[in-house]
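>>> here is the input, now give the coordinates:
(2 chains)
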Amino acid sequence: MKKPVLEIKDLSKSFGDNHVLNGFNLELYEGENLVIMGKSGSGKSVMIKCLVGLMEADSGVIKIKDFDIISLGRKELDVLRTEIGFLFQGSALYDSMTVRENLEFPLRRNRDKVNTSQTTEELVVEALENVGLANAIDLMPAELSGGMQRRVALARALILKPKIILYDEPTTGLDPITSKEIIQLMRTIQKTYKTSSLIITHDVDCARVISNRMILLVDGINYAEGTFLELSTSEDPKIKAFFKN
Amino acid sequence: MNVSNSITVKTKRFFEEIGDMTYFAIRFFKEVFTAPFEWRELIRQCYQMGNRSFILVGVTGFILGLVFTLQSRPTLMEFGAESWMPSMVSISIVREIGPVIIALICAGRIGSGIGAELGSMKVTEQIDAMEVSGTNPFKYLVVTRILATTLMLPLLIIMGDAVALLGSAIVENLKGEVSYLLYFNKVFDALKFSDIIPATIKSFFFGFAIGLVGCYKGYHCSKGTVGVGEASNAAVVYTSMLLFVIDFIAVFLTDIFFEI
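Sure, this is the predicted structure:
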């Protein structure tokens, strides 16, 4: 039986009386693109932040490569985090640093994690070439368009050559053409780096193109699970609502 | 009833904030002594804070000394005590006015800058991005900034005091025909270690307070861009209040340990 690289069991998280996650479950397998869809405020971003330890879950188990991240200390968690790439919704580039410095930043303390004879400069250039932005290396984030910022953020997420990539709304705020380019890039990257991806989105086009499997998150639980075709042809009104347009 | 409720809520929030800030300070002391150390970022911050505040502090100090001497001169002349001018100006500036005014200037210049910078990093998820990249953002952003303000403020205050005395000496030279050599001889005759040491120690605490409050407000910023403005503003207001509290405690302790 195939072993998941990432596993969530009965994850719960509340903010006061607002129960955002009520026993959410998930398994991500090697080389898979798993899409989580849900309405705004359904807890998708909370779930992904719990996954990397940016938020503390109330209860449940989160296992990444057999390590329960909830029980890990700061140092162990930092080591595990280097195996995960994270693309933030707003790119989250360090705006006081150039593109080069943004990409060098994760390498400062974790250079030895990348098993390669390449120099830091070569790693940065390679990551930028993979997202088609080698010529932007000395620009500041403010000088880049939204789509370019997203590409640089993706290059930064890939710089440590992680095996798992988490995408938080990768196409939000981008025009349709740039969204398509980013989706295409995500597919290329998966082939190049052989990563497993967890993609949080409410963009149906993105889910259709990229997903191997999907989970619909409703009221803090996995409401439905299946391939895009299975879910998009479902007669359940709650599922249909996601694919209406 | 509503007024009393509002006062209760605000008082509770005030004490909660003091508790949070104390916890933040304790975390700083825990992290500052543990590896890895962010030396490059610390030096960069020291350079930025020192370099960018240099002219502002210099101009403020110069005008302070100039105005202080111009305003005090007529009164001292009335009593025939203008020869006391260098002693009076130097003791006032070194002990009290210099450190407090320059610390307040730096609270506005550096504290608000830290609050706004960290606040905008927080709301745009840059701090989260740092965290997931395996870097401790508290160590990288907070520890370096608090250390930099703690180290740089005494230097800025010493520089500001020196420029203020120069301003005063220029006025005395032009108005009272007192030579620069005589003026500074009188200044150094008047100043004792009990004037300089407590003022210097106090300025380290001023620097720490500016860094701590600015970082705390920025690091806990929320509510988007509005929150960034609030963090920046609150950093200045809270720091200014804290500076006067520290100054009061410092004067009180100086009075006990040194004969003023």
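
>>> for the chain, longest helix please?
Let's take chain A. helix A:176-193 (DSSP state H).

>>> that's the other chain; I wanted chain B
Criterion DSSP H: the longest helix present in chain B is helix B:39-78.

>>> near chain A, anything from that helix?
No. Helix B:39-78 lies out of reach of chain A by Cβ under 8 Å from any Cβ of the partner chain, never closer than 9.0 Å. From N, CA and C alone the C-beta is placed, and that goes for glycine too.

>>> helices and strands around that helix, which ones?
Secondary-structure packing of helix B:39-78 (3 or more Cβ pairs under 8 Å, 6 or more residues apart in numbering or on different chains; DSSP states H and E): helix B:85-92, helix B:98-106, helix B:144-176.

>>> what does the shortest one rub up against?
Read it as helix B:85-92. For helix B:85-92, contacts defined as Cβ atoms under 8 Å, 6 or more residues apart in numbering or on different chains pick out B:65, B:68-69, B:72-73, B:76, B:164-165, B:168-169, B:172, B:176, B:178, B:183-184, B:186-187, B:189-191, B:195.

>>> buried among those residues? Need that as a selection in ChimeraX.
This is the ChimeraX syntax for the buried subset of the contacts of helix B:85-92, where burial follows 16 or more other Cβ atoms under 10 Å in any protein chain shown:
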select /B:65,68,69,72,73,76,164,165,168,169,172,178,183,186,187,190,191,195
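
>>> now do the strands in chain A.
Taking DSSP state E to define them, one finds strands in chain A at A:4-15, A:18-29, A:33-38, A:59-64, A:67-68, A:84-87, A:164-168, A:196-201, A:213-218, A:221-226.

>>> what's the angle from the first one to strand A:59-64?
Okay, so that is strand A:4-15. Orientation of strand A:4-15 against strand A:59-64 (axes from the mean of the first three to the mean of the last three Cα atoms, to 10 degrees) gives an angle of 150 degrees.

>>> any idea how far chain A is from B:Ala107?
When Cβ to the nearest Cβ, to the nearest Å is applied, the distance between B:Ala107 and chain A equals 22 Å.

>>> report how many residues lie close to that residue.
Neighbours of B:Ala107 under the rule other Cβ atoms under 10 Å in any protein chain shown: 26.

>>> same check, this time on A:Thr192
A:Thr192 has 10 neighbouring residues, counting by other Cβ under 10 Å.

>>> returning to that earlier point: what packs against the longest helix of chain A?
Helix A:176-193 packs on helix A:120-130, helix A:146-158, strand A:196-201, helix A:204-210, going by 3+ Cβ pairs under 8 Å, 6+ apart.

>>> of all those, which lies closest to A:Pro106?
In this view, the helices and strands packed on helix A:176-193 are compared for proximity to A:Pro106 by Cβ to Cβ, and helix A:146-158 is the closest at 6.6 Å.

>>> pLDDT weak spots in chain A?
Where chain A drops to pLDDT under 70, the residues are A:1, A:115, A:245.

>>> geometric centre of it: which residue is closest?
A:Leu166 (1.6 Å; Cα atoms, centre = their mean).

>>> list the contacts for that one?
If you count contacts by Cβ under 8 Å, 6+ apart, then A:Leu166 has A:48, A:51-52, A:84-87, A:197-198, A:200 around it.

>>> just list whatever residues bridge to it.
Going by DSSP bridges, A:Leu166 is paired in beta bridges with A:Phe86, A:Leu198.

>>> A:Thr195 versus that one, what's the distance?
Separation of A:Leu166 from A:Thr195 (Cβ to Cβ, to the nearest Å): 10 Å.

>>> before we move on, the earlier item: most tightly packed of the helices and strands packed on helix B:39-78?
helix B:98-106 (a mean of 24; mean count of other Cβ atoms under 10 Å in any protein chain shown).

>>> quick check: what element follows that helix along the chain?
helix B:112-123 (DSSP states H and E).

>>> run through who's touching that next one.
If you take Cβ under 8 Å, 6+ apart as the criterion, helix B:112-123 is touched by A:94-96, B:126-127, B:141-142, B:145, B:149, B:210-211, B:213-215, B:217-225, B:227-229, B:231-236.

>>> again, but for stretch B:186-197
Contacts for stretch B:186-197 (Cβ under 8 Å, 6+ apart): B:83, B:86-87, B:89-91, B:94-95, B:165, B:169, B:254, B:258-260.

>>> what is the burial count for residue 222?
No chain was given, so I picked chain A. For A:Asn222, the count of nearby residues is 15 (other Cβ under 10 Å).

>>> that answer is for a different chain, and I need it for chain B
12.

>>> hang on, it in a strand?
No. Counting by DSSP: H, G, I helix; E, B strand; the rest coil, B:Ser222 is not part of a strand but coil.

>>> how about it, what does it touch?
B:Ser222 sits next to B:122-123 when contact means Cβ under 8 Å, 6+ apart.

>>> separation between it and B:Gly119?
9 Å.

>>> buried sites along stretch B:28-40?
Buried residues in stretch B:28-40 (16+ other Cβ under 10 Å): B:28, B:38.

>>> give me the residues contacting it.
Against stretch B:28-40 from outside (Cβ under 8 Å, 6+ apart): A:109, B:136, B:138-140, B:142-144, B:146-147, B:212.
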